[in-house]
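Trainee: Sequence and computational prediction follow.
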Amino acid sequence: MTAAAIPEPEGEVSRTQEAILAAYAELIEELGTDDVSFRLIARRAGVGERTIFRNYATKVDLLLATAAWIEIRIFPRQDSPSIFDMPLTIRAAMDSYDRRPELAHVVAETTMRGISGAAPSPRRAMLEEMIDAEISPLEDAERTAIVAALAHLDSAATWVTLRREFGMSRSDIADAAAWAAEAVLDPIRSRVVAR
Amino acid sequence: MMAEVVDTPTAILAHAAAALREHPFDDIPYRTVGDAVGVSERTVYRHFPTRSHLLEGVAGWIESTEFPLPPFVTIAEFQQAARGRFLAFDAAPAFAFVCARAASISPTGEPEPTFFTRALVAMLATNHPSLNERDLRRVAATLRYFASAQFWARMRTGFEMSAPAIADVFDRTVATALGDLPTRTGTVSQPASA
């Protein structure tokens, strides 16, 4: 299995940017998002503060770029050939969020900022392609509902909510999220087209 | 609201919420909020030492004043309540995004379930008394997560949906999650979905 072909956020990330984003992600895990100055990030990344400003004009720009980088590099999804593998994909994602809670919160929160935030459903197109390739034509409303529900479950906010509102353990979160995805897929199990 | 006598933290939250009409949350100046309330910037910091504290506080204030949750004792009433909230979110998106963000950040204190979660678990336990603890929790978790401001925010931004469409996806997901759970009367549940 190879890493999923997820589109890069806003074009290519240069090596300098990569160093900055990785440094900020590290510092968030050590200190949280509030206490990290540009100066500290610059020192950790081995670049000048001005280099950071040239790439990311504001702290918000830097945070959003870092969140997108974290989702791709720290929480990558495996390439799955079938929509029916989504429960497994979601189970693995929940497990990885639980191992890096600070970073999971950053990803979850930045996707909740509306159009000025990070993309909330980066794998929507991939889900649509999988469902179209595998399932006999669905009503628009049903297709949209399934893709939307799976996109919502396959996200850091799922982990946050199950941990916070239900106090679930790592394995309970993975079980509950995968179970919900199975339930979403139930109505289309009998509609797989032979290929 | 402003005419009532309120304590300082509540007044700060009310003014910070009002400032959302002009600024994104991250740009709301502590100083301006302090001035509006008639306290120093330092007092604002004392009550809300970080942006995360302020975000949680403002979201709590918004939830209780702008998006109050109607009572529900049946699945159908719960779905009506959720639909009503999605419509209210559409009417005040800046407020709703703040609630979605606050529900997603690393909690500043000891996290505990919201009233909404406890009401939902109680409603499910009453309507499905034979449900075992594990099933009850995962059904409740699914329903809670899809009734959230976070779901509204993802559907609005990632799927360009408005409240009625969001509520339809919600209803379909509730129906699949409830599946063929046994109900109080022993019959298969009939969620009020399309």
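Mentor: Thanks, I have the structure now. Numbers count the residues shown, from 1 in each chain, chains lettered A, B, ... in the order given.

Trainee: Report how many residues lie close to residue B:141.
Mentor: Neighbourhood size, residue B:141 [other C-beta atoms under 10 Å in any protein chain shown]: 26. Just so you know, the C-beta spots here come from the backbone N, C-alpha and C atoms, and that holds for glycine as well.

Trainee: can you confirm it is in a helix?
Mentor: Yes - with DSSP: H, G, I helix; E, B strand; the rest coil as the criterion, residue B:141 is assigned to a helix.

Trainee: got a list of what it touches?
Mentor: By C-beta atoms under 8 Å, 6 or more residues apart in numbering or on different chains, residue B:141 lies in contact with A:161-162, A:165-166, A:168, A:176, A:180.

Trainee: Can you give me the domain boundaries for the chain?
Mentor: As the question left the chain open, I've gone with chain A. A:15-73, A:83-190 (automatic domain parsing).

Trainee: Oops, wrong one, chain B.
Mentor: Taken from automatic domain parsing, chain B resolves into B:8-49, B:65-178.

Trainee: any idea which of those is most buried?
Mentor: Ranked by mean neighbour count under mean count of other C-beta atoms under 10 Å in any protein chain shown, the domains of chain B are led by domain B:65-178, which reaches a mean of 19.

Trainee: Okay, and which of the contacts of residue B:141 map to helices?
Mentor: A:161-162, A:165-166, A:176, A:180 (DSSP state H).

Trainee: So which of the domains of chain B is nearest residue A:83?
Mentor: domain B:65-178 (14.5 Å; C-beta to C-beta).

Trainee: Helix, strand, or coil at the residue lying closest to residue B:25 once chain neighbours are set aside?
Mentor: Nearest residue to residue B:25, sequence neighbours excluded (C-beta to C-beta, 6 or more residues apart in numbering or on different chains): residue B:98, at 5.7 Å. The local conformation at residue B:98, judged by three-state DSSP, is helix.

Trainee: Quick one: residues contacting residue B:98.
Mentor: B:17, B:20, B:25, B:55, B:58-59, B:62.

Trainee: go on, residue B:101?
Mentor: Residue B:101 sits in contact with A:109, A:112-113, B:25, B:55, B:59, where contact means C-beta under 8 Å, 6+ apart.

Trainee: Quick check: the gap between the residue in chain B that chain A sits nearest to and residue B:37.
Mentor: Of all residues in chain B, the one sitting closest to chain A is residue B:158 (3.2 Å; C-beta to the nearest C-beta). For residue B:158, the distance to residue B:37 equals 37 Å [C-beta to C-beta, to the nearest Å].
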